[in-house]
Structures are given as structure tokens and as C-alpha cells.
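Q: Build me a model from this:
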Amino acid sequence: MLRHTYEGQDCNLARTLEVVGERWTLLIVRSGLLGIKRFDGFLDNLDIARNVLTNRLARLVDHGIMERVPYQDRPVRYEYRLTPAGRDLTRSVVALMQWGDRHLHLEQGPPRRAEHIGCDGSVHVELHCGHCGRQVHGEEVDVRSIR
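A: Predicted coordinates for the structure are as follows:
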């Protein structure tokens with residue numbers, strides 16, 4: 001949740017950062033990917049202020065990244081589940097984790113690893129050409145305006 005809009009920027013990255021660019025937002029999404037669904041679970045996992053968590057969860061719900069689902073009637077309590085749009089952020093979260101693993105080394109190794117459910121193999125985000133199907137490295141990518 002940036003306090004700046006990107007007027008004049010015809011860019012989906014800028015629009016995306018308006019939704020998920022605030023420092024806590026992707027950590028909340030990561031916690032959802034770890035299976036955390038309840039408000040207190042997010043509080044415990046993230047050590048985030050209650051008011052900040054309340055605000056970020058509301059924005060994630062407003063943008064269709066999470067849904068608020070009642071799990072208890074008296075008193076009414078809600079859990080927050082990732083929607084398909086929220087789960088689609090898995091690639092971004094894993095790509096950022098991989099970048100951190102490569103460039104922000106910890107002596108004891110990475111604290112988490114993305115694994116394929118079913119075979120437990122490690123998951124990696126890679127770039128592939130939509131035309132030839134070949135794996136592409138960052139230095140082979142040119143971002144161009146198409147309008």
C-alpha cells in the first residue's frame with residue numbers, strides 16, 4: 001500500500017505494487033501459503049501490530065486476494081483464506097525467496113524451502129520463452145513498451 005500513485009505510468013508492475021507493495025502485505029500472503037488463516041495466527045507468525053494487520057487484511061479482501069470466511073458463530077469469528085488470485089502470488093513469493101537465497105545468504109542456509117506437494121521436490125521459478133519454450137536468463141530479457 002504505497003502512499004504514492006503512479007500517475008502517467010502505464011505499467012502493471014506499478015499497479016500491482018499499489019496492491020501488494022507495502023512491506024507487510026507479501027508476508028501476510030506468505031503466511032497464508034504456510035497455512036495460517038486466523039487473525040491470531042497471523043499476529044503470532046508476523047509480530048505485526050493489530051491495527052496494521054487489520055488494515056492489510058481488509059485491503060487483501062477488498063482486492064480479492066483473500067476472502068473472509070466465518071468459522072465460528074458465537075461470537076462470530078473469521079478466518080482469511082487465499083483466493084485463486086492470492087494463490088497466484090505463489091510464483092512471486094517463491095521468486096523473491098529464491099532471490100534472497102542467492103543474494104542474502106544466511107550462514108545456516110535458507111529458513112524455508114518451497115516444495116512440491118506430493119513428491120517433496122524443491123520448487124523453483126524460472127523464465128521460459130512463450131515462443132520457443134527455451135529457459136531464459138535475466139540478461140536475455142528485454143522489457144519493451146507495446147503501446
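Q: His128 - how many residues pack around it?
A: Neighbour count of His128, defined by other C-beta atoms under 10 Å: 10. Heads up, the C-betas are built off the backbone N, CA and C, glycines and all.
Q: how close does the residue nearest to the spatial centre of the chain get to Leu33?
A: When C-alpha atoms, centre = their mean is applied to the chain, the residue found nearest the centroid is Leu26 (4.1 Å). For Leu26, the distance to Leu33 equals 10 Å [C-beta to C-beta, to the nearest Å].
Q: Need the residues touching each of those two.
A: Jointly contacting Leu26 and Leu33 under the rule C-beta atoms under 8 Å, 6 or more residues apart in numbering are Val93.
Q: could you pull out the helices for the protein?
A: Taking DSSP state H to define them, one finds helices in the chain at 12-20, 25-33, 39-46, 50-62, 84-87, 90-103.
Q: ranking those helices by burial, who's on top?
A: Most buried of those by mean neighbour count (mean count of other C-beta atoms under 10 Å) is helix 25-33; its value is a mean of 20.
Q: so what secondary structure elements neighbour it?
A: On a contact count with 3 or more C-beta pairs under 8 Å, 6 or more residues apart in numbering; DSSP states H and E, helix 25-33 meets helix 12-20, helix 39-46, helix 50-62, strand 77-82, helix 84-87, helix 90-103.
Q: Repeat the analysis, applying 10 Å as the threshold.
A: Contacts defined by 3 or more C-beta pairs under 10 Å, 6 or more residues apart in numbering; DSSP states H and E place helix 25-33 against helix 12-20, helix 39-46, helix 50-62, strand 66-72, strand 77-82, helix 84-87, helix 90-103.
Q: Nearest to Ile146, out of these?
A: Ile146 lies closest, by C-beta to C-beta, to one member of those: helix 12-20, at 11.4 Å.
Q: on that earlier part again, could I get the helices and strands packed on helix 25-33 as CSV with distance to His116?
A: Shown next, in CSV, are those (distance: least, C-beta to C-beta, whole Å):
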stretch, distance to His116
helix 12-20, 24
helix 39-46, 23
helix 50-62, 26
strand 66-72, 24
strand 77-82, 18
helix 84-87, 15
helix 90-103, 11
